[in-house]
Structures are given as C-alpha cells and as structure tokens.
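K.L.:
quick one, structure for this:
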Amino acid sequence: MEDIYEKILLSIPPDIIEDLDTSDVEICYETKTNEQPKQETVKKPVIEVIEDKPEPQPEEVKPQPEVKPAEKKPEFKPDFNAPRVDMLIDFGAPQQPQNTQQKAKDAVDLLFGEDSKKSNDDNILLYEKDQEAFAQLLFKLSDTDLSSTLFDLSKKHPDCGFFLLQISQRCGLSVTKLLKSLPALPQTPRLHDYLESKKQFVQTFGQFEGNYSLGEFTKANRTNPPPPGSPPICLDAIRLLQNSMDLIIAAFRDKPSKPLLDECLSLYQVIAYIIAKLVQFNINKTFLEAKIIPLYNNQHYNLKKAIDSSNLNVNFPEASFNFQDQNIIKRLRPPASNITLQ
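P.N.:
Coordinates of the predicted model:
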C-alpha cells in the first residue's frame, strides 16, 4: 500500500500536492486496517412548516383576432394577342432586334472605336507618304493613341525600328513619351534590345534628351547645378550607358547604317564626358580605374573596329581619351541639343 501511495503522490502535480492535507489520507488508511463498529444515529422528528399561499387567480381571457377567409385570386389567363411589354417602350427611335454577336461587336466598337481604327490606318498612310509629317504627328497624340499607332506601324512595317531610332534622337525630353510606347520589333531584335535599354535609361534619368544631350537640364539648373556624383553625372548613369553601348555596337555591327552610327557616337561622347567629370572631382576613383575606364577602352576598340568594317566615312579617333590629361578632361562636353520634334 505504501508503494501505491507513493505512486499516487508522484502522479499528482506539485501545485496540488502543496494544498493536499495528508492527515485525511492517514485517517483513511487507519480506518481500513482497524475497523470500528458503526454507531446508530437517532433520527430527529421533522417538523413540517405550512406556509400560507395565496389562492390562484383565474387567468384573463384575451380576445382572439378575427380570422378572415382567404380571398380568391383571379385566375391568370395569358393573352397571346397582347403586344409585348418591351415593344411598348419608346426611347425615341424604333428598336431593332439584334443577336448576341452583333451586340458584342457593338460593345467592342464603342470601347475601341471604329474611328480610332480608321485614324490609325490614315496615320500609317501618312507614314508611307511623308515620314516627317508622321513624326510631327506622333508627339501630338495621346499616350493611348501613340501606343496604338506604333503597334499598327510595327505590324505593317516591321523595319520601323530605324525610323523610331532617328526620331528619338530629335525629340529632346519627349523621348520618354516616345519610347514608353515602344512596340515589339522582332525583325530587328538587336535594335529592339538597344531601344529597350534606352527606354530604361531615360525613364531612370529623365534629365537626358533623346541624343543624350543635357542642354535643357543645364539651362533649367544653371544657377544651382547638382554636384558631380549626383544625378545625372553619377556612377549609376554611366553603368546603364555602358550597358547600352554594348547593345548599340552589336546592332551597328549587325546592320551598319548612318542612324545607328550617329547613336553610337552620341553614346560614346556622353560616356566619356561623365567619366571625365567624375575623375575631375575625384569621385569613385578606385572603381572608375578598376572597372569603368577599362570597359570604356574596350568599347572604343570594338566601335572603331565596327566603323572600319562598315565602309562609312567618319573621323573616329584611333585611341580612346586619356583621362589623366587635365586639358582633355576640361574640354570634353556632352552632345549638343538637337530638338526638331516636340
């Protein structure tokens, strides 16, 4: 029995054991071993107390509502000769029945507009007859109409990427609006990749014009120009520009042309200008010497080689700029503004 008792105690949580009165256990244990004769208890007489209770009152009888017999509804008899309800509605014009397909077509025409489609067709005809007038028109369109027009243009003229590149060089700060609506150009994938990178750049650094000039930005900030090292003359800008440089050299090597060459030269010039400013003010010098300038020299070599292979007559320097020469650093400038489209 002692073993069982110890097991019971071990199974009881400690907080219960603290409150446990062990004297009761001992008494119970002794009672079981030394049984005593039970004593008879004398029952006391129970005195019944009678309370006065009020006599029950009769319940009040509430009048029941009068139930009316249900009215008989008139029997419905359809009149097949009566006119239809929808034919009785007059909105000022006779209603013509339309099938579901016709209604869906009307909804599409209402949303996108047949006039818009016709306008796009007229715009494409204008491109085929007078590209300069078409270029002027593009910057007067809303963003939605511009996207729709350029999409249709790319479908009918898959080589339109060269045209878009040319007008991007002439539209100043509006280049962001133009390239934001850039369509897919699967026929000229290398050029498309470059234009996508240019779009990313001008959306990030809106201070640059379409030919990478800073003319408008310089005029607006002449009295309080940002210090070198902050946008637009900064390391992040030159990284994106050098990435674009690789893409435009590849596009030029693939299909040499004057518009692509002009883009290469503008990009090459702005990269050299930003490097010169960062070197001049001793900004990120270690990174410039280890990464940026060696990549610039390599891109100069690749561009020179591509120009020589293109048979295009251009006076491109044989060697890259020496950024240790202070005279060269001070003379370098970004491309001049060339805004003929707005």
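K.L.:
please make it C-alpha for all contacts and neighbour counts, starting now.
P.N.:
Noted.
K.L.:
show me the contacts for V270.
P.N.:
V270 makes contact with 212-213, 333-335, according to Cα atoms under 8 Å, 6 or more residues apart in numbering.
K.L.:
can you tell me the SS state at the residue nearest to C234 when sequence neighbours are not counted?
P.N.:
In space, not counting the residues next to it along the chain, C234 is nearest to P228; the distance is 6.7 Å by Cα to Cα, 6 or more residues apart in numbering. The assignment at P228 comes out as coil when based on DSSP: H, G, I helix; E, B strand; the rest coil.
K.L.:
and P228, what does it touch?
P.N.:
Remark: with contacts taken as Cα under 8 Å, 6+ apart, P228 is in contact with 234, 277-278, 281, 283.
K.L.:
hang on, the earlier thing: the contacts of V270: which two are farthest apart?
P.N.:
In the contacts of V270, the most distant members under the criterion Cα to Cα are Y212 and R333, with 11.2 Å between them.
K.L.:
looking at these two, which is more packed in?
P.N.:
Under the neighbour definition other Cα atoms under 10 Å, Y212 and R333 were set side by side, and Y212 has more, 26 against 17.
K.L.:
right, and the more buried one touches Y268 too?
P.N.:
No. Contact between Y212 and Y268 fails when scored by Cα atoms under 8 Å: they sit 9.9 Å apart.
K.L.:
state the distance from the closest residue to L173 other than its chain neighbours to I329.
P.N.:
With sequence-adjacent residues excluded and distances taken as Cα to Cα, 6+ apart, L173 is closest to E209, at 4.7 Å. Relative to I329, E209 is positioned 22 Å away (criterion: Cα to Cα, to the nearest Å).
K.L.:
which one's more surrounded, the two?
P.N.:
E209 (27 against 21).
K.L.:
what about the more buried one, distance to P186?
P.N.:
If you measure E209 against P186 using Cα to Cα, the figure is 26 Å.
K.L.:
name the helices or strands packed onto the one helix or strand I307 maps to?
P.N.:
Counting by DSSP states H and E, the element that carries I307 is helix 293-310. For helix 293-310, the elements it packs on are helix 235-254, helix 258-280, judged by 3 or more Cα pairs under 8 Å, 6 or more residues apart in numbering; DSSP states H and E.
K.L.:
coming back round to it: now flag whichever of the contacts of P228 is closest to D122.
P.N.:
D122 has its nearest neighbour among those in C234, at 44.0 Å by Cα to Cα.
K.L.:
turn the contacts of V270 into a markdown table, columns for pLDDT, distance to E196 and secondary structure.
P.N.:
Conversion of those to a markdown table gives the following (pLDDT from 0 to 100; distance: Cα to Cα, whole Å; DSSP: H, G, I helix; E, B strand; the rest coil):
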| residue | pLDDT | distance to E196 | secondary structure |
| --- | --- | --- | --- |
| Y212 | 98 | 15 | coil |
| S213 | 98 | 19 | coil |
| R333 | 95 | 26 | coil |
| P334 | 96 | 22 | coil |
| P335 | 97 | 21 | coil |
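K.L.:
list just the nearest of those to I248.
P.N.:
Distance to I248 across these (Cα to Cα) is lowest for Y212, with 13.8 Å.
K.L.:
mind listing what's buried along stretch 320-338?
P.N.:
Taking 16 or more other Cα atoms under 10 Å as the neighbour-count basis, stretch 320-338 is seen to contain the buried residues 320-321, 323, 329, 332-335, 337-338.
K.L.:
at which residues are the strands of the stretch 101-250 of the chain located?
P.N.:
In the stretch 101-250 of the chain, no strands are found when defined by DSSP state E, counting those that start in this stretch.
K.L.:
make CSV out of the helices and strands packed on helix 293-310 and add distance to Q131 and mean pLDDT.
P.N.:
Written out in CSV, the entries for these read as follows (distance: least, Cα to Cα, whole Å; pLDDT from 0 to 100):
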stretch, distance to Q131, mean pLDDT
helix 235-254, 23, 98
helix 258-280, 15, 97
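K.L.:
for S244, see how far away the residue nearest to C234 is.
P.N.:
Here P228 is placed at a distance of 22 Å from S244 (Cα to Cα).
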